[in-house]
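Q: what's the 3D shape of this:
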Amino acid sequence: AAPNPRTFVEWGMAETMLGQPAQAMAHYAHAASLNPDLLIAWRGVAAAASALGDRARMEEAVRNLERLEPDGQSVRDARAWLAK
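A: Here you go, the predicted model:
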């Protein structure tokens, strides 16, 4: 059976709750690579990028969030983070 991207998102959420943003990023990014249209994976990438101060990953997340949910709160929050 193929890996389920939602499983990796849930794993990323667990790592986030444990205060491990680098490990969370790895799981969110893997989920997004398995399913580039999985909105929650890109939200996770944005959250982890924010915690890590990773501008390149945040820019990637913004591009994908804009594509999937152009008027969403996650896009606005990520853009605000980039503007700082």
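Q: Might you report the residue contacts of residue 81?
A: The contact partners of residue 81, by CB atoms under 8 Å, 6 or more residues apart in numbering, come to 46, 50, 58. Yep, even glycine has a C-beta here, placed from its N, CA and C like the rest.
Q: again, 6 Å this time
A: Residues in contact with residue 81, defined by CB atoms under 6 Å, 6 or more residues apart in numbering, are residue 50.
Q: Return the per-residue confidence for the most centrally placed residue in the chain.
A: In the chain, the residue lying closest to the centroid (CA atoms, centre = their mean) is residue 45, at 1.7 Å. Among the per-residue scores, residue 45 holds a pLDDT of 98.
Q: Now it: which helix or strand?
A: helix 39-52 (DSSP states H and E).
Q: List the buried residues in the helix or strand just after that helix.
A: Toward the C-terminus, helix 39-52 is succeeded by helix 55-68 as the next helix or strand (DSSP H and E). Of the residues in helix 55-68, 57-58, 60-62, 64-66, 68 count as buried by neighbour count, 16 or more other CB atoms under 10 Å.
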